[in-house]
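S.K.: no sequence on this one, just coordinates:
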Ligand code: PAF
């Protein structure tokens, strides 16, 4: 496994792989890897000859009052996990190698990223699109694998790839959950005391939504209220609870199978998100 710290070295590796006829798979991450990330690497292996993992806590996607400075980091452990998972390359740039101090070009998606997390985290998807556009140009992947945990992020990136003609395939891999249902997230490490138990409210509310529509269509408003009750019973502070169309991410009046339920809450100080295709 080779570790690259500069875009130029990473790009040279990718160009050599491409010249040798190899398919490159990219798994973009912000590090602090868990089983969810490892499932993305496994998915990338199925679809490529050489897997590159990027580890970069991207400052541009964090708001001024968000957790950029304290976002969990453990480089040595991440590298060991990437090696074990069979990554051929890891791209681990410092911020200065990714953003010139006078950087002035950003990528914005103007529809799918407006609601949900986009409405609560202004500039977040602009940061995500910008860093992904850069990573696609640096790593030159044939396929890039993202997790469904960030459903809206995956939709926004897919749209960027389509609309800007990036020559690569976006694959979205299923959410990996702890045995009790909590979706894996690097931010779960922030949960203290009874917060870990209270966080189960997210998967339970999504389970309720899934069971509700299995019996037939139901009014979105009352379903969202019932989901909200589950969250509040777990002492979670609701940021949003939505039922949306899986493609457009527009809220639906009547919840049906195939729609997506998405939740964002604060569990103590920690913001958690989860979703489920109903
Ligand atoms: O999902 C993440 O970890 C990040 O948003 C991503 C896609 C790596 C971009 O920084």
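M.R.: Sure thing, it's come through. Just so it is clear, the structure is predicted and the values come from calculations on it, not from any experiment.

S.K.: residues of this structure that sit close to the ligand?
M.R.: Residues of the chain lying close to the ligand (Cβ under 6 Å from any ligand atom) are 28-30, 58, 61, 128, 131, 150, 153. Where you see a C-beta, it was placed from the backbone N, CA and C, and this is true even at glycine.

S.K.: what pLDDT does residue 215 get?
M.R.: Here the pLDDT value assigned to residue 215 is 89.

S.K.: hmm, back to that, any idea which of the residues of the chain next to the ligand has the most stuff around it?
M.R.: Scoring the residues of the chain next to the ligand on neighbours with other Cβ atoms under 10 Å, the highest-scoring entry is residue 128 at 26 neighbours.

S.K.: tell me the secondary structure at that one.
M.R.: helix (DSSP: H, G, I helix; E, B strand; the rest coil).

S.K.: who's in contact with it?
M.R.: 58, 61, 153, 156-157 (Cβ atoms under 8 Å, 6 or more residues apart in numbering).

S.K.: same thing but 6 Å
M.R.: 61, 153 (Cβ atoms under 6 Å, 6 or more residues apart in numbering).

S.K.: what do you get for residue 253?
M.R.: residue 220.

S.K.: quick check on it: phi, psi?
M.R.: phi -80, psi -40 (degrees, to the nearest 10).

S.K.: how close does it sit to the ligand?
M.R.: 30 Å (Cβ to the nearest ligand atom, to the nearest Å).

S.K.: I'd like the numbering to begin with 25 instead of 1 from here.
M.R.: Got it, the first residue is 25 from now on, which makes the last one we talked about residue 277.

S.K.: could you check how far that residue is from residue 165?
M.R.: 39 Å (Cβ to Cβ, to the nearest Å).

S.K.: what about the residues of the chain next to the ligand, which are in helices?
M.R.: 152, 155, 177 (DSSP state H).

S.K.: check which residues of stretch 268-279 are buried.
M.R.: Judged by neighbour count (16 or more other Cβ atoms under 10 Å), stretch 268-279 contains these buried residues: 268, 273, 275-276, 279.

S.K.: do stretch 188-200 as well
M.R.: Applying 16+ other Cβ under 10 Å to stretch 188-200 flags 190, 192, 194-197, 199-200 as buried.

S.K.: and for stretch 109-118?
M.R.: 109, 111-117.

S.K.: try stretch 34-47
M.R.: 34-35, 37-38, 41.

S.K.: got those as a markdown table, with pLDDT and distance to residue 135 columns?
M.R.: Output for these, formatted as a markdown table (pLDDT from 0 to 100; distance: Cβ to Cβ, whole Å):
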| residue | pLDDT | distance to residue 135 |
| --- | --- | --- |
| 34 | 99 | 31 |
| 35 | 98 | 31 |
| 37 | 99 | 35 |
| 38 | 99 | 31 |
| 41 | 98 | 34 |
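
S.K.: can you pull the contacts of residue 144?
M.R.: residue 263.

S.K.: do you know how far it is from residue 196?
M.R.: 22 Å.

S.K.: same check on residue 70?
M.R.: For residue 70 relative to residue 196 (Cβ to Cβ), the value is 14 Å.

S.K.: excluding its backbone neighbours, what's nearest the residue of the stretch 175-302 of the chain found nearest the ligand?
M.R.: In the stretch 175-302 of the chain, the residue that lies nearest the ligand is residue 177 (5.7 Å; Cβ to the nearest ligand atom). On the basis of Cβ to Cβ, 6 or more residues apart in numbering, the spatially nearest residue to residue 177 that is not a chain neighbour turns out to be residue 152, at 5.8 Å.

S.K.: quick one: secondary structure of residue 298?
M.R.: strand.

S.K.: right, and residue 219 touches residue 295 too?
M.R.: No. Contact criterion Cβ atoms under 6 Å: residue 219 and residue 295 do not qualify, at 12.0 Å.

S.K.: just the ones of the buried residues of stretch 34-47 in helices?
M.R.: 34-35, 37-38, 41.

S.K.: may I see the residues you listed organised as TSV, with distance to residue 227 added?
M.R.: Listed next are these as TSV, based on distance: Cβ to Cβ, whole Å:
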residue	distance to residue 227
34	37
35	40
37	39
38	38
41	39
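
S.K.: good, wrapping up.
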